[in-house]
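Engineer: Make a model of this:
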Amino acid sequence: MMYTISMKRILLVEDDAIISSGLVYALEQEGYAVVCSKNVDEAKQAILTDNFDLAILDMQLPDGSGFDVRALLPTETAVIFLTVVDDEGNIVRAFEGGADDYITKPFRLRELLLRVKRTLNTKGGETAAPVLTLGNVAIDTALGKAYLDETLLELTALEYRLLLIFATNKGQILTRTQILENIWDSAGNFVEDNTLTVYIKRLRDKLGDAVNIKTVRGVGYRVD
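Structural biologist: Predicted coordinates:
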């Protein structure tokens, strides 16, 4: 692949050949220049000979850890840790060690790509719109798009706004009145109560088992 000077350069340190090859392909398709290393020693050589905007580091490597690689990088290089260990202590240590983000395996590729974009934008001084997750759905609020795993969900504007309301209120019971006060159709008209029921059903059909929109009888809805 031909790289241009304007491309963001990413160092990927991952010892799993299947994961690394898939990530390299996906990142290059997004327009990034990627250098892949499978251990700390290879990463050290890459860091000595190249400058990177972002490093994606596997936490557990054959000859050390992602923390060892982080220590070799300039402080201005953004870092995302990948790990199979999802405990509070490890997460806290990662952020204390200079991580910008932390993703557990197995991960959804589309979500990782969105997090890469957000991290690079934030590190570059731009205010990045958040990437929200709800069940197996990732919502790119900057683009106004939602992805189920790696597949773009075909949502109407009203369905997208409804999904966004649930994503920003996870675990909370939302009354029908609360939802209706924050949702409107493409013409700017408020949605009627009966219409809301129809759109909830349509959204459930499109999300399938990926997101569980629970009906709280006599009150409204909740998504955990």
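Engineer: How far off centre is stretch 215-224?
Structural biologist: Offset of stretch 215-224 from its chain centre (CA atoms, centre = their mean, to the nearest Å): 27 Å.
Engineer: low pLDDT regions in the chain?
Structural biologist: In the predicted model, the chain carries pLDDT under 70 at residues 1-6, 86-87, 124-130, 184-191.
Engineer: Which helix or which strand is home to the most centrally placed residue in the chain?
Structural biologist: Geometric centre of the chain, nearest residue: residue 111, 3.3 Å, by CA atoms, centre = their mean. Using DSSP states H and E, residue 111 sits within helix 109-123.
Engineer: Excluding residues flanking it in the chain, which one is nearest residue 53?
Structural biologist: Once flanking residues are discounted, residue 53 sits nearest to residue 8: 4.5 Å by CB to CB, 6 or more residues apart in numbering. The way it works is simple: take the backbone N, C-alpha and C, and place the C-beta from them, glycine included.
Engineer: In contact with the one you found, which residues?
Structural biologist: Contacts for residue 8 were tallied using CB atoms under 8 Å, 6 or more residues apart in numbering; they are 31-33, 53-54, 120.
Engineer: which of these lies closest to residue 173?
Structural biologist: Nearest to residue 173 among these, counting by CB to CB, is residue 120 at 36.7 Å.
Engineer: Isn't residue 110 up against residue 139?
Structural biologist: No: under the criterion of CB atoms under 8 Å, residue 110 makes no contact with residue 139, lying 10.6 Å away.
Engineer: Tell me which of these two has more neighbours.
Structural biologist: Set side by side, residue 110 and residue 139 show more neighbours around residue 139, with 26 against 21, by other CB atoms under 10 Å.
Engineer: And for the nearest residue to that one once chain neighbours are set aside, the neighbour number?
Structural biologist: Nearest non-adjacent residue to residue 139, counting by CB to CB, 6+ apart: residue 132, 4.3 Å away. A count of neighbours around residue 132, defined by other CB under 10 Å, yields 18.
Engineer: Does residue 132 belong to a helix, a strand or coil?
Structural biologist: strand (DSSP: H, G, I helix; E, B strand; the rest coil).
Engineer: Adjust the sequence numbering to begin at 229 for everything that follows.
Structural biologist: From this message on, residue numbering opens at 229, which makes the last subject residue 360.
Engineer: and the closest residue in space to residue 339 that isn't next to it in sequence, what does it touch?
Structural biologist: Spatial nearest neighbour of residue 339, excluding adjacent residues (CB to CB, 6+ apart): residue 366 at 4.1 Å. Taking CB under 8 Å, 6+ apart as the contact definition, residue 366 lies against 336, 338-339, 342, 359-360, 374-375.
Engineer: same check, this time on residue 396
Structural biologist: Going by CB under 8 Å, 6+ apart, residue 396 touches residue 360.
Engineer: Provide the contact partners of stretch 239-259 at residue level.
Structural biologist: With CB under 8 Å, 6+ apart as the test, stretch 239-259 has contacts from 229, 235-236, 238, 262-268, 270-271, 274-275, 278, 280, 282-286, 289-290, 294, 297, 301, 310, 333, 337, 340-341, 344-345.
Engineer: Weed out the non-buried ones from those residues.
Structural biologist: Among the contacts of stretch 239-259, those classed as buried by 16 or more other CB atoms under 10 Å are 236, 238, 262-268, 270-271, 274-275, 280, 282-286, 289, 294, 297, 301, 310, 337, 340-341, 344-345.
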